[in-house]
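Asker: no FASTA, just this:
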Ligand SMILES: Cc1cc2nc3c(=O)[nH]c(=O)nc-3n(C[C@H](O)[C@H](O)[C@H](O)COP(=O)(O)OP(=O)(O)OC[C@H]3O[C@@H](n4cnc5c(N)ncnc54)[C@H](O)[C@@H]3O)c2cc1C
Ligand code: FES
Ligand code: FES
């Protein structure tokens, strides 16, 4: 239960880190907060030849805003985001979700970049970024590219990140007048990874919801959008009959993986319950 | 110098420490085996139980999910060095008085989490106490007495400052 041996590098600048990755990417692992990686190393589920510790790269710790967006440095920790008044004001969905991530001691070290790069299918932040239609900045020595959240997650622990890339920043649209953001999940214990969860972003108006984006976590091999249910909710008022219909629709729409502890039917049921709760909250 | 060893300089319980350590060594093993601070315990070694909780730059962290080299340049505090803090002394006394420990394995981590909660939120509800301590497992007490102890300290300290009386813990 101890980490295997590795070489350790602690670059002082982003350029130095990217250079190390360009040379060693395939055999190296980036370490940010270590809250997922060190558990994998202790269990010997991973054994990279070297660790590149990006924890001191201040370039990746900024939080900024322009007229329509918030840009979050990849190294900002869960606790930094939870304490930020800017996030609470402009990204209420994200703010609500962070309290569901693990426990305080883990939030003091875990980072947004690490959570997204880890791509646990039940991670809160991935689903929020998908619901908010966010983009991630991936940088390497040669290249910089923005990848939409919808194109980033490829499977369980699989992402579009290449071996020589760092997830440097996350760009999310600020809330607009009339926009709503609801986050909810069901976990066995506080701080555990959720069995199912939901991140809902939309505009509200006289005609009901518009620009609906409904992302789910814990019910597939990656965070997913519930497309049929989104279309069903778009542009119509919500009432009790429609809530029942929407809950049935979403339970049928998803196809959770086989899992001895939580059979697919149970996760479908939980997702219906979560959607019902979210829509009732909107009605009240 | 090999990349498998690295020299680190930090403070532990207020005293400067400098050591060459294997890079794969985690912080809690460093504290226990190199420095003899065995008050930080090792349970699950994958972040689940909270027995290894210490303060790193005044915030609780998992000692098993932090490498010693990541603490280079930082200030670490273990339970052995926690007694300078008045709130901690009150918590320790309340844990003792209200039977909030049996074997004591979880206690150092529990105390650090409780201290951090009461620093940020001097009058938490029982629900908030349970929530904040959710990352610290106790296999003995059933938690009730731990929540009682934290609440008793909150009521004593907060109540005293706000003219309230010393209340017994509620349900
Ligand atoms: C007890 C416990 C409970 C938890 N519960 C939850 C939970 O409920 N929900 C949840 O979402 N998470 C949970 N986590 C995980 C936690 O959120 C981690 O902080 C997060 O998954 C990883 O962030 P990190 O900075 O620690 O990354 P690390 O562990 O350092 O790295 C994780 C992976 O990402 C890569 N990586 C890290 N940063 C970057 C980057 N900037 N660019 C490219 N690659 C990078 C690493 O190479 C590694 O493969 C839990 C962890 C523990 C220990
Ligand atoms: S030993 Fe670190 S959390 Fe269990
Ligand atoms: S007192 Fe024994 S584990 Fe808590």
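Answerer: Structure's in. What do you need? Predicted model, so just to flag it, every value in this text is computed and none were measured. Ligands and ions are numbered 1, 2, ... in the order given.

Asker: and the residue nearest to residue B:59 when sequence neighbours are not counted, how many neighbours?
Answerer: With sequence-adjacent residues excluded and distances taken as CB to CB, 6 or more residues apart in numbering or on different chains, residue B:59 is closest to residue A:108, at 4.4 Å. (C-beta placed from N, C-alpha, C; glycine too.) Using other CB atoms under 10 Å in any protein chain shown, residue A:108 has 24 neighbouring residues.

Asker: Now do stretch A:31-49: distance to the chain's middle.
Answerer: 19 Å (CA atoms, centre = their mean, to the nearest Å).

Asker: whoops, I mixed them up, stretch A:245-259
Answerer: For stretch A:245-259, the distance to the chain centre is 20 Å (CA atoms, centre = their mean).

Asker: Now that stretch: buried residues?
Answerer: A:246, A:247, A:249, A:250, A:251, A:253, A:254, A:256 (16 or more other CB atoms under 10 Å in any protein chain shown).

Asker: try stretch B:147-159
Answerer: Those would be B:147, B:148, B:149, B:150, B:151, B:152, B:153, B:154, B:155, B:156, B:157, B:159, for stretch B:147-159 by 16+ other CB under 10 Å.

Asker: which among the buried residues of stretch A:245-259 are in contact with chain B?
Answerer: Contacts with chain B are made by none of these, judged by CB under 8 Å from any CB of the partner chain.

Asker: Let's have the residues you listed in JSON lines, adding pLDDT.
Answerer: Shown next, in JSON lines, are those (pLDDT from 0 to 100):
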{"residue": "A:246", "pLDDT": "97"}
{"residue": "A:247", "pLDDT": "97"}
{"residue": "A:249", "pLDDT": "97"}
{"residue": "A:250", "pLDDT": "98"}
{"residue": "A:251", "pLDDT": "95"}
{"residue": "A:253", "pLDDT": "96"}
{"residue": "A:254", "pLDDT": "97"}
{"residue": "A:256", "pLDDT": "97"}
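
Asker: Sitting in helices, which of the residues you listed do you find?
Answerer: With DSSP state H as the criterion, helices contain A:246, A:247, A:249, A:250, A:251, A:253 from among the buried residues of stretch A:245-259.

Asker: Contact residues of chain B facing ligand 3?
Answerer: B:101, B:102, B:103, B:104, B:105, B:106, B:138, B:139, B:140, B:141 (CB under 6 Å from any ligand atom).

Asker: tell me, how many neighbours does the fifth one end up with?
Answerer: When you say that, I think you mean residue B:105. Close neighbours of residue B:105, defined as other CB under 10 Å, add up to 18.

Asker: Hmm, residue B:139 and it touching each other?
Answerer: Yes. At 7.4 Å, residue B:105 and residue B:139 qualify as touching, with contact defined as CB atoms under 8 Å.

Asker: Burial check on residue B:18, number of neighbours?
Answerer: That count, for residue B:18 with other CB under 10 Å as the rule, works out to 9.

Asker: hey, where'd the helices end up in the chain?
Answerer: Chain wasn't specified; assuming chain A. For chain A, applying DSSP H gives helices covering A:14-24, A:37-42, A:78-83, A:85-90, A:92-98, A:104-107, A:112-118, A:124-131, A:149-152, A:227-233, A:240-253, A:264-283.

Asker: could you do chain B instead?
Answerer: B:27-29, B:86-97, B:107-120, B:126-132, B:144-161.

Asker: Now distance to ligand 1 and mean pLDDT too, for those, in CSV please.
Answerer: Output for the helices of chain B, formatted as CSV (distance: least, CB to the nearest ligand atom, whole Å; pLDDT from 0 to 100):
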stretch, distance to ligand 1, mean pLDDT
helix B:27-29, 14, 98
helix B:86-97, 23, 98
helix B:107-120, 13, 98
helix B:126-132, 13, 96
helix B:144-161, 19, 93
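
Asker: tell me the most buried of those?
Answerer: Here the criterion is mean neighbour count by mean count of other CB atoms under 10 Å in any protein chain shown, and of these the winner is helix B:27-29, at a mean of 25.

Asker: does any part of that one sit near ligand 2?
Answerer: No. Between helix B:27-29 and ligand 2, judged by CB under 6 Å from any ligand atom, nothing touches; the nearest distance is 6.6 Å.

Asker: Could you list every helix and strand in contact with that helix?
Answerer: strand B:53-56 (3 or more CB pairs under 8 Å, 6 or more residues apart in numbering or on different chains; DSSP states H and E).

Asker: Leaving out sequence neighbours, find the closest residue to whatever residue of chain A ends up closest to ligand 2.
Answerer: Nearest residue of chain A to ligand 2, counting by CB to the nearest ligand atom: residue A:105, 8.1 Å away. Leaving aside its chain neighbours, residue A:105 sits nearest to residue B:60 (4.1 Å; criterion: CB to CB, 6+ apart).

Asker: how near is the one you found to ligand 2?
Answerer: To ligand 2, residue B:60 is 11 Å away according to CB to the nearest ligand atom, to the nearest Å.

Asker: Contacts only, for that residue.
Answerer: With contact set as CB atoms under 8 Å, 6 or more residues apart in numbering or on different chains, residue B:60 has these partners: A:104, A:105, A:108, B:53, B:54, B:112, B:113, B:116.

Asker: Which pair of those residues spans the longest distance?
Answerer: Spatially, the most separated pair among those is A:104 and B:54, at 13.3 Å (CB to CB).

Asker: give me the number of residues near residue B:14?
Answerer: By other CB under 10 Å, neighbour count at residue B:14 equals 10.

Asker: Verify the stated contact: it with residue B:81.
Answerer: Yes. With contact defined as CB under 8 Å, residue B:14 reaches residue B:81; the gap is 6.3 Å.

Asker: Would you map out the domains in chain B?
Answerer: Domain ranges of chain B: B:5-81, B:85-161, per automatic domain parsing.

Asker: now the end-to-end length of the first one.
Answerer: Between the opening and closing residues of domain B:5-81 lies a distance of 27 Å (CA to CA, to the nearest Å).

Asker: Could you give the separation of that domain from the chain centroid?
Answerer: How far domain B:5-81 lies from its chain's middle: 12 Å, per CA atoms, centre = their mean.

Asker: Next: stretch B:114-129.
Answerer: 14 Å.

Asker: What of stretch A:125-144?
Answerer: Its chain's C-alpha centre and that of stretch A:125-144 lie 10 Å apart, by CA atoms, centre = their mean.

Asker: Going by neighbour count, which residues of that stretch are buried?
Answerer: Along stretch A:125-144, these residues count as buried under the neighbour rule (16+ other CB under 10 Å): A:125-140.

Asker: which ones are touching residue B:38?
Answerer: Going by CB under 8 Å, 6+ apart, the list of residues near residue B:38 reads residue B:32.

Asker: Same check on residue A:268?
Answerer: Residue A:268 makes contact with A:219, A:251, A:252, A:254, A:256, according to CB under 8 Å, 6+ apart.

Asker: pLDDT at it, what is it?
Answerer: On pLDDT, residue A:268 comes in at 97.

Asker: Since that was my last question, I'll sign off now.
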